[in-house]
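In: Got a sequence here, can you model it:
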Amino acid sequence: MLPSEHRLRRRQDFATAVRRGRRAGRPLLVVHLSESEDAVTGRPYGEGDPVATTGRSSTDPHSTGESPSPVRAGFVVSKAVGPAVVRNRVKRRLRHLMATRLVGLPAGSLIVVRALPPAGTADFADLERDLDSALRKLAAPRGGRPRDTGTASSPTGAGQ
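Out: Take a look at the predicted model:
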């Protein structure tokens, strides 16, 4: 089970993760990851941050100021996935999968996992494969690797 302090509950937190975060889509789900400013900049928590001196963050109700806030995850499973029994099964599976993967994410991150309609008929191993694949993509450095266009010319296209 996903511990209480690691759950997203507020609409504002879901919106922050979806709007400001990076996205990785897979056939069964879409994962949005919004890293905290401290995780992105690499600076120690609270250094030059007025929020840390007040001990509260407007986006993190769990923040105490002593340590970085925990990684928090939320799940979106719409009626398109299936009836209530199926949606609840998908949510339980995703919560179980995320509980063991939180340690690999930067502290203070917000993650939203949105199940797509095929997730309703997928088995546990398929959800696990897609979630791991999405998290690997999001863990890659920003900008990713350069795309291979299949030509040996320079990136500017000169010489063609």
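In: List the buried residues for the host helix or strand of residue 126?
Out: Mapping residue 126 onto the secondary structure by DSSP states H and E places it in helix 124-139. Residues of helix 124-139 classed as buried by neighbour count (16 or more other Cβ atoms under 10 Å): 126, 127, 128, 130, 131, 133, 134, 135, 137, 138. Glycine gets a C-beta too; all of them are placed from N, C-alpha and C.
In: Name the nearest of those residues relative to residue 34.
Out: residue 138 (10.2 Å; Cβ to Cβ).
In: ok, that closest one - contacts?
Out: Residues counted as contacts of residue 138 (Cβ atoms under 8 Å, 6 or more residues apart in numbering) are 22, 24, 31, 33.
In: nearest to residue 101, of those?
Out: Nearest to residue 101 among the contacts of residue 138, counting by Cβ to Cβ, is residue 31 at 10.5 Å.
In: ok, that closest one touching residue 110?
Out: No. Counting by Cβ atoms under 8 Å, residue 31 stays clear of residue 110, with 11.3 Å between them.
In: And the next helix or strand past the worst-scoring helix or strand of the chain on mean pLDDT?
Out: Every helix and strand of the chain was ranked by mean pLDDT, DSSP states H and E. The lowest is helix 50-54, at a mean of 38. Once the chain leaves helix 50-54, the next helix or strand it forms, by DSSP H and E, is strand 72-77.
In: need the helices for this protein, in chain order.
Out: Counting by DSSP state H, the segments of the chain that form helices are 11-20, 37-41, 50-54, 84-99, 124-139.
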